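Peer 1: just coords:
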């Protein structure tokens, strides 16, 4: 049922909402241009390679959106894609809520030619095109024709100076449009419910290339009160529902609550000439709905309704007998310069057009656009300063690094002891054929060098070293080197903000997991099967909570005891690590294995998927503003594509799951949330304290060395210390007690 207040929503003024001063001239906020450096770079390229000395008009397209910010109006934006055909960029533009403004570029050969150019004729040419579209009815069928523009440019390619002047033409009517009242859209409609957003959204989905449309507010519509229709149906809608119930809505670029944007001028010109508007109350009345958004949705509070009276247009004493080829009224529309005067603007790109600087600007463009409209909370500085340690520079390491680079991460360190082989370049995106020659370059340094070639401003280094592992005994001759590798890994983890564990074997993940647990460093683990993947973040205690680890196990560890207690998790809310689901310590997984078992045999599409999820998990985690670890939610084993959380997402980028488990054969993805295991061989309190060589002031480096060498020599050592051996024995005893007595011989 329609609320009672909705029955009168066609009324231009609601009780309690004071109108603006009656019968004022409606003013419009002029368009502002926003030209990206990539536009000038593309213009320079085309000038050198294609245009030559020709000054022919070039079709281009600008993009604009409705106002999404309280302080800044949306401009007409141009970038490199402005030179491409609209069909090639339409999907991306419309998906982000942007609309087309068709334009024409005229680039002249000299600055003198620019100064002497007949700008009046150029403005008239643009205004004539708008007039033809209005009078012929083309603009009603294709409203973006109302937003045509011209830009006159001169490119000094020696100094990389670009002089330009935009014209956004509109036809100046002999009588001004007057505004009777101004209201918020929610007040005008009399309610603040979902049908408004639903109607607008549905119309955008079906006619997303239209920047203006009709809105009908009548109980006789199929939706009982509010529906959107194409603009060219205005007169038929007015005949069916009454002109007082048919209104015009448009995507308004202006953030000003008192004035609509410049595009409303030509829209009201169209309405004045061709629409059968409401004349019951004397003047020709129309409700103009200026649609504005907040957080990606139509805002009933910020969208405005301007109740206007339209002038009666008569030419030669006769109404509506207009010639599309003869515009009877003057044109206006030249953009003012930054000083607010009539004059051109200049872009000085002498420094920014340096290839390296241009690469930086281009790489950051998408991220900055996110922050402008879609994600104002995005902390690009924090992302760029995050130091990432990638343990493993193989298939996963390459995929994670490329995605992090796209997010703006600029600090990388790769750790790997392998060399680039001939099988690597086709699967590992940072390597080339030349890296395989002469025995192969070290993977870590080759990956770092490749990132620097891709993006010169990155700070990437490679460390060629092995990771000591349980189940891989250390001979006396190798003890010094192994302990040096442990110290190097500890130092690297301490110097970085996040660790990505991207190695091929299970046991190679143990030491990084243990060190990260002991230092409370964020660690993101990524692992692949043939058609499955796992991406997970290890639980943390939070900065300053290291005492929770020490206090959880009341028994001190003066030396390596023969048995160890089985402590419960010191922090029940702590999330588990990669080894928390195991009841066996990691061992040598490559011993006595065939070639296909020794190599990571996976479907080629898995690594990019898992690598992207790992990178996205980090960026979302960086935007957690609370203390301690990021909440992972309460649901376990839920389908990712239908996952619904009942609480507000903890970060501006949404939820940050503990584990993501995916399967490519079924194209499914599950989210898991698992607590830390008190007997874990990598992150439990007893193992962490043994690694530290004790607790508090009682720590001893010798005990730490003895613990590590014992763990490397025999994985069952870890099972003994954590209590897993006792778990195995108890399980065997229970199985024996429940065995079938009839099969016994005694």
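Peer 2: Yes, it's here. Just so it is clear, the model here is predicted, and its values are computed rather than measured.
Peer 1: Return the distance of the nearest residue to residue 303 once chain neighbours are set aside relative to residue 301.
Peer 2: In space, and not counting its chain neighbours, residue 303 is closest to residue 185: 3.9 Å by C-beta to C-beta, 6 or more residues apart in numbering. Placement of C-beta: from N, CA and C, glycine included. In this structure, residue 185 and residue 301 are 8 Å apart, going by C-beta to C-beta, to the nearest Å.
Peer 1: The two - which one has more neighbours?
Peer 2: More neighbours surround residue 185 than the other of residue 185 and residue 301, with 22 against 13 (other C-beta atoms under 10 Å).
Peer 1: Is that one in contact with residue 289, as I believe?
Peer 2: Yes - contact criterion C-beta atoms under 8 Å: residue 185 and residue 289 qualify, at 6.3 Å.
Peer 1: what touches both of the two?
Peer 2: Taking C-beta atoms under 8 Å, 6 or more residues apart in numbering as the contact rule, residue 185 and residue 289 both touch 303-305.
Peer 1: By neighbours, which of the residues you listed wins?
Peer 2: That'd be residue 303 among the shared contacts of residue 185 and residue 289, by other C-beta under 10 Å, with 26 neighbours.
Peer 1: who touches residue 349 in this structure?
Peer 2: Per C-beta under 8 Å, 6+ apart, neighbours of residue 349: 37, 40, 160-162.
Peer 1: among these, which two are most distant?
Peer 2: Across the contacts of residue 349, the longest distance by C-beta to C-beta is 12.8 Å; it joins 37 and 161.
Peer 1: between the two, which one's more packed in?
Peer 2: Using other C-beta under 10 Å, the more surrounded residue of residue 37 and residue 161 is residue 37, with 20 against 16.
Peer 1: if I pick residue 511, what's in contact with it?
Peer 2: Residue 511 sits next to 467-469, 486, 489 when contact means C-beta under 8 Å, 6+ apart.
Peer 1: outside of stretch 613-622, which residues touch it?
Peer 2: In contact with stretch 613-622 (C-beta under 8 Å, 6+ apart) are residues 379, 382-383, 386, 388, 396, 400, 403-404, 407, 498, 500, 522, 524, 526, 533, 535, 537, 630, 651, 653-657, 660, 662.
Peer 1: Which neighbours do residue 37 and residue 161 have in common?
Peer 2: Joint contacts of residue 37 and residue 161 (C-beta under 8 Å, 6+ apart) are 347, 349.
Peer 1: Report how many residues lie close to residue 458.
Peer 2: For residue 458, using other C-beta under 10 Å, the count is 18.
Peer 1: how much space between it and residue 262?
Peer 2: To residue 262, residue 458 is 42 Å away according to C-beta to C-beta.
Peer 1: Also residue 219?
Peer 2: Noted for residue 219: a distance of 35 Å to residue 262, by C-beta to C-beta.
Peer 1: Same drill for those two, tell me which one is more crowded.
Peer 2: residue 262 (22 against 14).
Peer 1: Quick check, pLDDT for that one.
Peer 2: pLDDT recorded at residue 262 is 93.
Peer 1: Could you tell me which ranges of the stretch 1-150 of the chain sit under the pLDDT cut-off?
Peer 2: Within the stretch 1-150 of the chain, the ranges that satisfy pLDDT under 70 run 1-23.
Peer 1: do the same with the stretch 151-300 of the chain
Peer 2: Using pLDDT under 70, the stretch 151-300 of the chain drops low at 191-209, 220-225, 278-283.
Peer 1: one more time with 50, if that's ok
Peer 2: 206-207 (pLDDT under 50).
Peer 1: residue boundaries of the helices in it?
Peer 2: Taking DSSP state H, counting those that start in this stretch to define them, one finds helices in the stretch 151-300 of the chain at 185-189, 194-206, 234-241, 263-274.
Peer 1: now swap in the stretch 551-700 of the chain and tell me
Peer 2: Assigned by DSSP H, counting those that start in this stretch, the stretch 551-700 of the chain shows helices spanning 595-598, 606-622, 685-692.
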